[in-house]
Every structure is written in structure tokens, then in C-alpha cells.
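> Just to be clear, the model below is a prediction. Sequence and coordinates:
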Amino acid sequence: MPIRRILERNGGDGGSPPIRAAVRNARIASLPVAFAGRQAAGVGKRALGRSPADVDAEIRMRTAQHIFEVLGELKGCATKLGQLLSLYELALPAEIASPYRTALTQLQDSVPTMLPGTVHAAMIAGLGEDWRRHFTEFDDRRAAAASIGQVHRAVWRDGRPVAVKVMYPGAHTAVLADLEQLRRLSVLATVFAPGADVPAVTEAICTCVADELDYAAEAEHQRRFAQAYAGDPDFAIPDVITQQGDVIVTEWLTGTPVSRIIDTGTPEERSRVGMLIIRFLLSAWTRTGLLYCDPHPGNFRILPDGRLGVVDFGACTPWPPPGFEELVGEVMDAAFNGGIPELDAAVRRHGFVRPSRDYDVAALAAGLDAVGEPLTVPTFRLTTDWLRGHVRSVLAPRLSNVHRQLDMPAYFTPFARCFLTALGVVCQLGTEGPIRAEFARWSPELAEVFDRYDRDYAQPTDLAVVRRLRTAPTARRTSIVG
């Protein structure tokens, strides 16, 4: 069936995303309307004697299920929004967050499947009518879902097992049409965390998602990573075999999903994986000149030989920008080793506070002291409870909350996305290890900050570990966590 016919079929039959603006807008608009309806119904249920706690729990559960059901159906940037909204779940008490965690899992694991006819049409559009000649085998069943596409297992003509990533037909049109609609989802902020700045998060996603529609750029990013990490004892990046249009063919990686390690791994296994994720993200821009911006669990797996396999390079950006090393050195040095005047000068100099704006710099200093704790000791354990406490503090809906008095330079947005997403993953893993040494290994600026901190505050030093790591760029996998 011609691709145009597929795209015109009633808003997305066959597994392609619904691209009619009216259909997609109606589904997104249904979210706040339904939420308001549930709240109104809850008033009546309370009046009839239902427990307020039971009514509120039911509203949260139904709203969470509805939100992620719609986001999953729409795919594209809607799914990206769902992934990032998972951070807001950490701002809620554990018993309240449960419905959102369940619904997020359903979103990430149960995205609707493109049917074979749609897949074949997309393959024809990318590789031509004779696309099957490239493969000795091609599995029409989806092996994995992506936000704007899905992955199929196949065997390349030379016998190599490959992953074939196919963009949903119509994804370009659908995703770009969604951007304005998604900015309106801020009305749902009270569902996740009252007072949270969801519009700012949404805007960051909207900026990034359009770039992720470019599979040619994604393939080039992956080639750079594969070349930089070729032969690395810690990491495996699959080679790109070909990319044409909205189809990317890469080597297949067989491994255990990190989501399974989170659920069933031993503490030692989880810590090892968490430290590998930290190492990969910190080393990436030194070795590739790119920031890997999408470190959610679905993009990592542990290979049988113990290496961390990494996939999906659509969300990458050139890094670091001019002045970033100075920002890290000056702000962190002020936070760790300076006083209130030094911290105020550093955050203003690097654009985190408007020149004429007053803010509670003492509260900021206290917050940085707390969140910087993993970088003040040789070994630290990151947990979800630890992160939840800091996220709730940042998102507290108080006008006096210092985090609401700060700005964020536009260039910093990709780093914030990467950092926050990765922090959520390593905390879910319960990562314990020499986190400070790993940061110092890849940032001379931070190593100097830590050295001064140790001298001034008589903390046990671990800089010998840093020096050992730096002199062994292909150190054995156990060197950081063994």
C-alpha cells in the first residue's frame, strides 16, 4: 500500500502515529479536561462519605494512566515528555508516586506497534522497493520501541545480526505539529508536583526533539561514538552499517536491559552499572566532542562480557560550549571553597541570575552543599530517597524557593537534561562507588576544586585514585568499582 494511503488512514491505523492535527490536538486536550472532571466527581464522592484519601488516590491513579496512555499513543515528542516527566515522580511521596511509576513503565514498555504493512512501506521509502535484498532475514515483529520509531531484528547480507530502526511514517509532521500543543500541558503540573515549572521542561524538550527527527545526524553521531570507543574494555557502541532516509541499520547488541538490572540486580551489580553510566557520560564529550543527552535505562544494556552497551544517538549536541570549563571551575570552587560573596559573583557572572535581581544566595549555598555531598567524600551511595529529598526541595511551590529565583542559560539546557535524567537512573540503581574520583578523572577543573577542598577541610583524599585512572585510559572495568 502506498505510504500516502497509510498516512491518511483515520489518524494512525497500522501503528503509525495519528498525524491529523485535529485528532492529536483532541487527544492532548482531553487530558486537562478529564482531570478537571475527575476533580469535580471527587467532590461528590466525598460528599457521599468516601474517604478523601481514597478519592484523591483514585484521581491520581486514573489521571496517571490517562496521561501516559495518551502520550504513548501519540509517540514522538509526547513520549519524550513522558520520559522527562518521570523526574517529577521523584518529587512525590513514595505512596503517592506509585501510580505514576506504574503508568510510566507502561508508556516505556507498551508503545503501540507498527503493523507489518506500515513497516514495509517505511522500508520502501527509506531503502527502495528492493529493500529486502540488503537482508537475508528480517523480522516483521518489533524488537524494541523508540519515541519516534521502532527497532526490528534482521540479518544483513554479510551475515551480521543488525538492528533496523524505522521512523514511524508521518512522524515528522506529527511531532512538529505537537510542539505547540505540548507547551500547553503545563496545566497538568499540579498532577506531578504543585508549582513545578513544567513549561520550562517542555520547552527544553521541544527544542531537542526536532533535531532527533534527523536520522542522518543521528547516524553521524553514532559513528563518532563507535570510533571513539572502539576496543574500549568498558563500553560497546554498535557500528552504523547504513542510513538512508528514515531508516538506520546498525549492528545488533545482545545484552541485559538496565531496567532489569534496576529491578533484579544485586547491589554490587547495580553499583557497577551505575558507575559505568557515570563514566560513559563524563568521558563522552572529552572523547567525541558530543554530549549524550538521552541516558534513560532503555538506551543501556549490559553485554555478556560485562561491557555497557549504548544505543540511540539521536539526542546528541556538540559539547562543551565555550566557557563551560570555566563555569564548572568557578561555580564549583565558589560552592565548595568560597563564601557567599564568591558564590554570588560566580552565578551572576555565568548567567544564572539576572544582573539586577535579588535572590537568596545563602539558601542557594545551603542547597549546593547538600546536593554536592557525593563530591565531598571518597565513596557515596546515590539512592532514590536521597534524590527525592533534593527534587522536592527544588520543586517546592514557595515563592521564596531560591530555585525559582534563578535563570538557566539556554546553552545549559542539554546538560541539565542529561544530568537530571542520568541522576534519576543511577539513583534507581542505588549506585555506590568513588563518584568524586570519576568526576575528577574527566575534569581537571573539578580535580583542582577537590584538592583545595581536601586541604582546607582535612577530608580524606582520593586523588591518588584519580591519578591512577588518568594514567590508564583503558583501565580494566573493575578499576572503578572493584
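Thanks, I have it.

> any low-confidence regions in the protein?
1-50, 52-112, 147, 178-205, 394-400, 404, 458-482 (pLDDT under 70).

> switch to 50 and redo it
Along the chain, segments meeting pLDDT under 50 span 1-13, 18-19, 32-33, 43, 109-110, 190-196, 461, 467, 470, 473-482.

> quick one, longest strand in it?
Longest among the strand segments of the chain by residue count, using DSSP state E, is strand 135-145.

> Just list what it packs against, helices and strands only.
helix 116-127, strand 149-156, strand 161-167 (3 or more C-beta pairs under 8 Å, 6 or more residues apart in numbering; DSSP states H and E). Glycine gets a C-beta too; all of them are placed from N, C-alpha and C.

> among those, which is the most enclosed?
A comparison of the helices and strands packed on strand 135-145 by mean neighbour count, using mean count of other C-beta atoms under 10 Å, puts strand 161-167 on top with a mean of 23.

> one step back: want to try CSV for the helices and strands packed on strand 135-145, with distance to T383 as columns?
CSV is the format used below for these (distance: least, C-beta to C-beta, whole Å):
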stretch, distance to T383
helix 116-127, 41
strand 149-156, 32
strand 161-167, 33
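
> Ok, which of these comes nearest A230?
When the helices and strands packed on strand 135-145 are compared by C-beta to C-beta, strand 161-167 sits nearest A230, at 17.9 Å.

> The closest one - which strands sit beside it in the sheet, and in what orientation?
Paired neighbours of strand 161-167 in the sheet (DSSP bridges): strand 149-156 (antiparallel), strand 247-251 (antiparallel).

> Name the residues that touch the following helix or strand past the shortest one?
Pointing back at strand 247-251 there. Per DSSP states H and E, strand 247-251 leads on to strand 256-257 as the next helix or strand towards the C-terminus. When contacts are defined by C-beta atoms under 8 Å, 6 or more residues apart in numbering, strand 256-257 is touched by residues 297-298, 300-302.

> Now do the closest residue to D358 other than its chain neighbours: how many residues are near it, please.
Here the nearest residue to D358 in space, its sequence neighbours aside, is Q405; by C-beta to C-beta, 6 or more residues apart in numbering that works out to 8.0 Å. Q405 has 18 neighbouring residues, counting by other C-beta atoms under 10 Å.

> ditto for V247
22.

> just I261 next, same as before
If we define neighbours as other C-beta under 10 Å, then I261 has 21 of them.

> again, but for F380
17.

> do you know how far it is from L327?
Between F380 and L327 the computed distance is 23 Å (C-beta to C-beta, to the nearest Å).

> who touches stretch 302-309?
232-238, 253-256, 258, 261, 273, 276-277, 280, 300-301, 477.

> So among those, which ones count as buried?
Neighbour counting with 16 or more other C-beta atoms under 10 Å marks 232, 234-238, 253, 255-256, 258, 261, 273, 276-277, 280, 300-301, 477 as buried within the contacts of stretch 302-309.

> R441 in helix, strand or coil?
Going by DSSP: H, G, I helix; E, B strand; the rest coil, the secondary structure assigned to R441 is helix.

> That one against M275, yeah?
No. Look at R441 against M275 with C-beta atoms under 8 Å: they stay out of range, at 11.5 Å.

> re earlier: the residue nearest to D358 contacts R354, doesn't it?
No. Assessed by C-beta under 8 Å, Q405 is found out of contact with R354, at 9.3 Å.

> A422 and R279 touch, don't they?
No. Between A422 and R279 there is no contact under C-beta under 8 Å: 11.2 Å.

> who has more neighbours, those two?
The neighbour count for A422 versus R279, taken as other C-beta under 10 Å, is higher for R279 (24 against 21).
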